[in-house]
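Asks: coordinates only, sequence not included:
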RNA sequence: CGGGGUAUAGCGCAGUUGGUAGCGUUCCUGGUUUGGGACCAGGCGGUCGCGUGUUCGAGUCACGCUGCCCCGACCA
């Protein structure tokens, strides 16, 4: 075990491989035998659960309620909205039969051809269609609006190439779907949810994000506007971490969702949808981790503090066991999750390395030396600094330390990102620099041609038109045409 | 679906001009250890991806198939 874990590739050598090994060795997830699918292991799932719980509370604070809609979508639903079907058709899993039978040699099963479905069912790649088909029955009057539903579920998109957490055929996510009486209200909701995502990313995940709006080509299939949060990974590539779509009346019209307004006139409902997925786990891992393994922000760490005893014999261990109990109780009283690892089959050095690999924020070490002096050794995962402190008041010390670490991890990520955002006016210079990663603030003439050319020549794409950036008109670096504003261009996952 | 690689023990690998399977690690047992990934001794574990061919004989050679990995296209 020991040496096997030690062989974590350095980030600088091969970022992709480092990421893969980290996910597996930190016990977060592994590749399933099922093509393109992922097994999320208990430790990884514990982080996802924490994220879910926080997000869920944030949604509810804005009036959203949870609901659940079917996994299977009749094929015809998907074709109601032209752009939507165009966007997803190529990656849908299709259910064609409902029964198996034993084969002729009785040593296996085959699909029963007699059980062919009249209309094929699609495993949802996203639920706009089935939800709007349902909303049709729910919405008659302006008094029925708004409808603010969210569902936690799995979806399936048959991707060509998959990567743990970042892109898997099946993934877990939440998808919110709202219906409104006015355009303004829907647009406001779409922007509101983007803010929720941004706040969650920065406050809890300690992942700084750029908020913005997508260009037309990068827009969600069927949306009028797609708002996005873009995070920067440690290799300088962008990761689209959450999106919120203003869908206009496209789905209202496609599914004939009409309501009578105050003037007793029929109108189509206005829609939004928004989602974040287990991809956020990828963002979390790639933003903070180092060559020793995972670094978790305290607010999301399943284990915030691990206590490790150092002992020479059984008697000493018992002494330490007794000694640790009140410390554990005091920490727990402050809402801190603590694990005391007095397992006898692993040596301290192994435990140190293992909990670092798993990103546990704080480690307390207690040995004979500490028993005598009334002290404890404290190690913080973000800086790997060790310090010996008095046991008296340790709980307050740790509490403060966890708060500091949350801030420090965030600040570190902000500094990294800001150091890799460049304003760029020259296309040749851009082509050179973009290979090494980073976000490039460039003037864009707004044409698809320019966008396509950049993508083809550099593999970089327009991530978004950023909010909160002072925009001045300029000249497009590719076409030389006038540009109204700057966009963020980067290579992306 | 293109371009490149790879397939041998749970994992990571070696295997020479073809001669009948090996190393490291994990795991199990016992003992000594324990302030940064312990050591010693013993043990379990393999139709060499699948198929066909060449040969007295194939992990090794030839042909076909399949899986996986990496790089593109697609995408949260």
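Replies: Structure received. All values derive from a computational prediction rather than experimental measurement. Numbers count the residues shown, from 1 in each chain, chains lettered A, B, ... in the order given.

Asks: what residues are up against the residue in chain A positioned nearest to RNA strand B?
Replies: For chain A, the residue closest to RNA strand B is residue A:367, as judged by CB to the nearest atom of the strand, at 2.3 Å. Every C-beta, even on glycine, is put in place using the N, C-alpha and C of the backbone. With contacts taken as CB atoms under 8 Å, 6 or more residues apart in numbering, residue A:367 has the following neighbours: A:309-311, A:320.

Asks: which two of the residues you listed have the greatest separation?
Replies: For the contacts of residue A:367, with distances taken as CB to CB, the pair at the greatest spread is A:310 and A:320 (7.9 Å).

Asks: what do these two both touch?
Replies: Common neighbours of residue A:310 and residue A:320, using CB under 8 Å, 6+ apart, are A:366-367.

Asks: those two: which is more packed in?
Replies: Neighbour count, other CB atoms under 10 Å: between residue A:310 and residue A:320, residue A:320 has more, with 22 against 17.

Asks: continuing past the helix or strand harbouring residue A:193, what's the next helix or strand?
Replies: In this structure, residue A:193 sits in helix A:183-199 according to DSSP states H and E. Beyond helix A:183-199 in the direction of the C-terminus, DSSP H and E gives the next helix or strand as strand A:209-213.

Asks: touching RNA strand B at all, that following strand?
Replies: No: figure legend: strand A:209-213 not in contact with RNA strand B (CB under 7 Å from any atom of the strand); closest approach 12.2 Å.

Asks: quick one: low-confidence ranges for the stretch 201-350 of chain A?
Replies: Applying pLDDT under 70 to the stretch 201-350 of chain A picks out no residues at all.

Asks: what about the strands in it?
Replies: When assigned using DSSP state E, counting those that start in this stretch, the strands of the stretch 201-350 of chain A occupy the ranges A:209-213, A:225-232, A:238-248, A:258-260, A:266-268, A:270-277, A:305-309, A:338-340.

Asks: residues of the fifth one that come out buried?
Replies: Counting neighbours by 16 or more other CB atoms under 10 Å, one finds that the buried residues in strand A:266-268 are A:267-268.

Asks: for it, which outside residues touch it?
Replies: A:181, A:249, A:252-253, A:257-261.

Asks: partner residues bridging residue A:474?
Replies: Per DSSP bridges, residues listed as beta-bridge partners of residue A:474: residue A:483.

Asks: is it true that it touches residue A:487?
Replies: No: in this structure, residue A:474 is not within contact of residue A:487 by CB atoms under 8 Å, at 11.4 Å.

Asks: more neighbours: those two, which one.
Replies: Set side by side, residue A:474 and residue A:487 give different neighbour counts by other CB under 10 Å, the larger being at residue A:487 (24 against 17).

Asks: ok, the more buried one - contacts?
Replies: Under the criterion of CB under 8 Å, 6+ apart, the contact list for residue A:487 reads A:215, A:441-444, A:462-466.

Asks: just the buried residues from the residues you listed, in PyMOL please.
Replies: If you want just the buried ones from those in PyMOL, going by 16+ other CB under 10 Å, the selection is:
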select buried, chain A and resi 215+441+442+443+444+462+463+464+465+466
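
Asks: among the contacts of residue A:487, which ones are in strands?
Replies: A:441-444, A:462-466 (DSSP state E).

Asks: okay, those in CSV with pLDDT and distance to residue A:129 next?
Replies: What follows is the ones in strands among the contacts of residue A:487, written out as CSV (pLDDT from 0 to 100; distance: CB to CB, whole Å):
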residue, pLDDT, distance to residue A:129
A:441, 95, 37
A:442, 94, 36
A:443, 94, 38
A:444, 94, 33
A:462, 93, 28
A:463, 94, 27
A:464, 95, 26
A:465, 95, 28
A:466, 96, 31
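
Asks: which residue, other than its chain neighbours, is closest to residue A:77?
Replies: Using CB to CB, 6 or more residues apart in numbering and skipping residues adjacent in sequence, the residue nearest residue A:77 is residue A:129, 4.1 Å away.

Asks: who touches the one you found in this structure?
Replies: By CB under 8 Å, 6+ apart, the residues touching residue A:129 are A:73, A:77-78, A:80-81, A:84, A:251, A:254-255.

Asks: and the residue most central in space within chain A, how far is that from residue A:201?
Replies: Closest residue to the average C-alpha location of chain A: residue A:280 at 1.3 Å, with CA atoms, centre = their mean. Going from residue A:280 to residue A:201 by CB to CB, to the nearest Å gives 8 Å.

Asks: can you check residue A:341 too?
Replies: As for residue A:341, its distance to residue A:201 is 31 Å (criterion: CB to CB).

Asks: before we move on, back to that, using CSV, lay out the ones in strands among the contacts of residue A:487 together with distance to RNA strand B.
Replies: Supplementary listing: the ones in strands among the contacts of residue A:487 in CSV, determined by distance: CB to the nearest atom of the strand, whole Å:
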residue, distance to RNA strand B
A:441, 20
A:442, 19
A:443, 23
A:444, 19
A:462, 12
A:463, 10
A:464, 11
A:465, 16
A:466, 16
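
Asks: what helices and strands are in contact with the lengthiest helix in chain A?
Replies: In chain A, with assignment by DSSP state H, the single longest helix is helix A:394-419. Helix A:394-419 makes packing contacts with helix A:279-288, helix A:314-333, strand A:362-366, strand A:375-380 when contacts are defined by 3 or more CB pairs under 8 Å, 6 or more residues apart in numbering; DSSP states H and E.

Asks: low-confidence ranges, the stretch 51-200 of chain A, go.
Replies: A:105-108.

Asks: residues in it within reach of RNA strand B, list them.
Replies: Neighbours of RNA strand B within the stretch 51-200 of chain A, by CB under 7 Å from any atom of the strand: A:87, A:90-91, A:157, A:159-161, A:163, A:166-169, A:171.

Asks: give me the common contacts of residue A:474 and residue A:487.
Replies: With contacts defined as CB under 8 Å, 6+ apart, the residues adjacent to both residue A:474 and residue A:487 are residue A:443.

Asks: state the three-state secondary structure for the closest residue to residue A:199 other than its chain neighbours.
Replies: Spatially, and ignoring its direct neighbours in sequence, residue A:199 is nearest to residue A:58 (7.3 Å; CB to CB, 6+ apart). Secondary structure of residue A:58, reduced to three states by DSSP: H, G, I helix; E, B strand; the rest coil: helix.
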